[in-house]
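J.: just need the structure, nothing else, for what follows:
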Amino acid sequence: MLIMTTIDDLSPEGIPYIIDKIIDTGAKNVHVINALTKKGRMEYIVLVDFEEKYFDDISSLLALEFGTIGMKIFKHEHKKFPYELIEKQVLININNYSLESTVKIKYLFNDNEKLISLKAEYEDLKLLTKKLNQKGFDISFSKLKTIIEAEAYITPTDSKSILISL
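T.: Okay, here's the model as predicted:
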């Protein structure tokens with residue numbers, strides 16, 4: 001189930017707190033989108049995805065926190081792609097220094113089991129970036145993510161390691 005509501009009279013500082021409360025009440029996901037409405041007024045569009053059993057609690061919370069007098073309710077179907085989370089040993093060689101770290105890669109497939117996308121896990125990338133930065137190598141998180149994911153695409157999924165030379 002998906003609820004959409006808008007708010008135009010709340011300062012942005014309160015929104016993260018309310019998002020946490022919505023998640024704690026049972027929401028799977030919350031999106032807050034900045035928008036422009038009639039007469040050039042700024043507003044936020046709030047989308048909350050949750051199981052129907054949480055409807056009363058979540059809708060009441062939205063009314064309480066945002067003072068909303070109405071919400072749009074969408075019943076939807078969620079298409080979930082099959083995926084596999086595979087741990088890879090990433091070996092990075094940079095300026096005569098080698099570093100090995102485990103990075104989990106999420107491989108997404110279509111219904112015909114063809115690889116359609118992949119993503120390296122955020123926490124693993126963050127740790128690896130910090131390790132490299134602590135050794136004096138100035139590589140950004142986004143660049144390292146791009147390099148590892150590109151190598152993961154061309155490395156067979158059953159391979160246990162990824163080798164990167166910078």
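
J.: from here on, just use CA atoms for contacts and neighbour counts.
T.: Noted.

J.: name the helix or strand for the closest residue to D138 other than its chain neighbours, please.
T.: Distances taken as C-alpha to C-alpha, 6 or more residues apart in numbering place L132 nearest to D138, at 7.4 Å, with adjacent residues excluded. Taking DSSP states H and E as the definition, L132 sits inside helix 122-134.

J.: quick check: buried residues in that helix?
T.: Residues 125, 128-130, 132 are the ones in helix 122-134 that count as buried (16 or more other C-alpha atoms under 10 Å).

J.: cool, and stretch 83-92?
T.: 83, 86-92.

J.: go on, stretch 148-166?
T.: 148-149, 152, 157, 161-162.

J.: before we move on, what about stretch 61-79?
T.: Those would be 61-62, 66, 68, 71, for stretch 61-79 by 16+ other C-alpha under 10 Å.

J.: got the contact list for the helix or strand containing V103?
T.: Using DSSP H and E, V103 falls within strand 97-109. With contact meaning C-alpha atoms under 8 Å, 6 or more residues apart in numbering, strand 97-109 is reached by 81-93, 115-121, 124-125, 128, 152.

J.: go again with 7 Å.
T.: 81-93, 115-121, 124-125, 128 (C-alpha atoms under 7 Å, 6 or more residues apart in numbering).
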